[in-house]
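Chemist: Need a 3D model of the following:
(chains A and B)
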Amino acid sequence: MSIRHHIGDDTLMAYVNGTLVEPLSVVVATHLAICPRCRKSVALMEDLAGLLLMEAETAPLSPAEEAMADIIPSSASPDPGNDDQPLIKPDYSNTGVPMPLAERMPATLDDIPWRTLIPGISHYPLPKSGSQKNKGTLRLLKIAPGKTMPEHSHTGQELTLILRGSYIDDLGRFQTGDIADLDSETLHQPVADTAEDCICLIATDAPLKFSGFFSRLLQPVFGI
Amino acid sequence: MTSPGGIRQDRTGARALPDDLDRDLTAVGLDQDATAFRRLFANLAPRLKFFLIKGGMIESAAEDVMQETMMKVWRKAEMFDSSKASASTWIYTIARNVKIDRLRKEHRPEPDPEDPCFVAEDPETGEQAVSRKQDRERIQKAMALLPPEQMTIIKMSFFEERSHGEIAEMLEIPLGTVKSRIRLAFGKIRAELEDL
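Modeler: Numbering: from 1, shown residues only, chains lettered A, B, ... in the order given. You can find the predicted model right below:
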């Protein structure tokens, strides 16, 4: 896989400092799983944050906090296990897409219970987790060969990761593994340009804005 | 203009030496060295607490996150590999994840290197096999060359953990300007790092 479109540094930085909403972070992390170049950028940004931490001022510690320096080594036993991951080993076999997308998929890409939006275009909303459930959307979108997404722009940010097939729009050709990192100034109209369905993972932090009259009628249908 | 704050250049005497931190964290991982842990704690716990309060947490929450982070540092130190990351970077990422878990009640989405779909890096070219220490020095040098308006935004992002939207509001500049300054800054840092 040769990835030509990467995540913007501004988006990566929001992912690194933890301010990116969860749906966008899922798309970022899924792309990172297949893109060593973007992982290198993340490592650079984390190094930078670590340097800033070392140069930080100090806040006074209470006596109880000071005591933790002695209490921790005498009371806690080392446990190198990674408790950021679930205890049960994740099942990698069933979806054919990278984590963390895989754990949010109900089935493989071939068996998604697609819901038709308009002829040739269907979607499947993915569940969100955590306390930010109202922030942003995460969905799979399938565009049939030759079909065009209605022209739209965004009120916020939209991140699209191509999982299968490809599309073309004003910004270029996007193939499997590529990311389109779009903000509110971009107006685009993707067309699936091969004989294969184009399947994407799309996250937004705010609703899309459709531009044409008929497209505007779709707004409530897409609800995105 | 809001002060980016958080970094005082006048107290360099109190600053932790990166190599000492790496050595101490390695000792904690290999030998459960309690003395090395105490040194790490003395050096980093007050900075972490400051960093978390600066990032908008109330003091009691910052204390909790700091303590949970230091607890994890002790328990997970065996996983630290000084050839892959420096101690400050490793501890930063732990603190950030503890904070996200608490604030949002969710795990931060991250790639999983054990995943069969994970694409590993090409076998390292000679050029990339630079020591962590050199890397750190070069990043510091590159940061020092950034124009103040770009550095301000980077500090606000990492230090105060502000979102791009918050930064735009605080500095009274358009969101697009915040984003483009970030892109420019990292473009420069990368160019500086590649320019050996």
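
Chemist: which residues in chain A form strands?
Modeler: Along chain A, counting by DSSP state E, strands occupy A:115-118, A:121-125, A:137-143, A:152-154, A:158-164, A:166-169, A:172-175, A:179-182, A:191-192, A:198-204, A:208-210.

Chemist: could I get these as a markdown table with distance to chain B, mean pLDDT and mean neighbour count?
Modeler: Using the backbone N, CA and C atoms, a C-beta is placed for each residue, glycine as well. Shown next, in a markdown table, are the strands of chain A (distance: least, Cβ to the nearest Cβ, whole Å; pLDDT from 0 to 100; neighbours: other Cβ atoms under 10 Å in any protein chain shown):
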| stretch | distance to chain B | mean pLDDT | mean neighbour count |
| --- | --- | --- | --- |
| strand A:115-118 | 24 | 89 | 14 |
| strand A:121-125 | 17 | 92 | 17 |
| strand A:137-143 | 10 | 92 | 22 |
| strand A:152-154 | 12 | 66 | 20 |
| strand A:158-164 | 11 | 94 | 23 |
| strand A:166-169 | 18 | 91 | 20 |
| strand A:172-175 | 15 | 93 | 17 |
| strand A:179-182 | 10 | 91 | 22 |
| strand A:191-192 | 23 | 90 | 20 |
| strand A:198-204 | 10 | 93 | 24 |
| strand A:208-210 | 16 | 57 | 19 |
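
Chemist: got those strands as TSV, with distance to B:Met66 columns?
Modeler: Below are the strands of chain A laid out as TSV (distance: least, Cβ to Cβ, whole Å):
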stretch	distance to B:Met66
strand A:115-118	46
strand A:121-125	38
strand A:137-143	32
strand A:152-154	38
strand A:158-164	32
strand A:166-169	46
strand A:172-175	43
strand A:179-182	34
strand A:191-192	50
strand A:198-204	32
strand A:208-210	41
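
Chemist: Tell me where the model's unsure across the chain.
Modeler: Chain wasn't specified; assuming chain A. Chain A contains residues with pLDDT under 70 at A:1, A:79-94, A:129-134, A:152-154, A:184-185, A:207-224.

Chemist: Correction: the question concerned chain B.
Modeler: Ranges of chain B meeting pLDDT under 70: B:1-16, B:123-134, B:195-196.

Chemist: Tell me where chain B has helices.
Modeler: Using DSSP state H, the helices of chain B run over B:18-31, B:34-54, B:59-76, B:87-104, B:132-144, B:148-158, B:164-171, B:175-194.

Chemist: Chain A now?
Modeler: A:9-16, A:22-34, A:36-54, A:63-75, A:213-222.

Chemist: one step back: mind checking the helices of chain B for the one nearest to A:Ser2?
Modeler: Closest approach to A:Ser2 among those (Cβ to Cβ): helix B:175-194, 20.0 Å.

Chemist: what packs against that closest one?
Modeler: When contacts are defined as 3 or more Cβ pairs under 8 Å, 6 or more residues apart in numbering or on different chains; DSSP states H and E, helix B:175-194 packs onto helix A:9-16, helix A:36-54, helix B:132-144, helix B:148-158, helix B:164-171.

Chemist: now the angle between helix B:34-54 and the longest one, please.
Modeler: In this case it means helix A:36-54. Interaxial angle, helix A:36-54 versus helix B:34-54 (axes from the mean of the first three to the mean of the last three Cα atoms, to 10 degrees): 90 degrees.

Chemist: and helix A:36-54, anywhere near chain B?
Modeler: Yes - Helix A:36-54 comes into contact with chain B (Cβ under 8 Å from any Cβ of the partner chain), by way of A:36, A:39-41, A:43-54.

Chemist: Filter those residues down to the buried ones and hand me the ChimeraX line.
Modeler: Applied in ChimeraX, the following selects the buried portion of the residues of helix A:36-54 next to chain B according to 16 or more other Cβ atoms under 10 Å in any protein chain shown:
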select /A:39,41,44,45,46,47,48,49,50,51,52,53,54
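
Chemist: Among the residues of helix A:36-54 next to chain B, which one lies nearest to A:His6?
Modeler: For these, the nearest to A:His6 is A:Ser41 (8.1 Å; Cβ to Cβ).

Chemist: what sits against the closest one?
Modeler: Contacts for A:Ser41 (Cβ atoms under 8 Å, 6 or more residues apart in numbering or on different chains) come out as A:Ile7, A:Asp9, A:Leu12, B:Phe186.

Chemist: how does it look with 6 Å?
Modeler: A:Ser41 makes contact with A:Leu12, according to Cβ atoms under 6 Å, 6 or more residues apart in numbering or on different chains.

Chemist: What separation is there between it and B:Trp90?
Modeler: Distance, A:Ser41 to B:Trp90, by Cβ to Cβ, to the nearest Å: 18 Å.

Chemist: Report the residue ranges of every domain in chain B.
Modeler: The record's domain parsing of chain B by automatic domain parsing lists B:16-109, B:131-196.

Chemist: As a markdown table, those domains with mean neighbour count would be great.
Modeler: Formatted as a markdown table, the domains of chain B follow (neighbours: other Cβ atoms under 10 Å in any protein chain shown):
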| stretch | mean neighbour count |
| --- | --- |
| domain B:16-109 | 20 |
| domain B:131-196 | 17 |
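
Chemist: Any chance of a markdown table for those domains, columns distance to A:Ile72?
Modeler: Listed next are the domains of chain B as a markdown table, based on distance: least, Cβ to Cβ, whole Å:
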| stretch | distance to A:Ile72 |
| --- | --- |
| domain B:16-109 | 5 |
| domain B:131-196 | 25 |
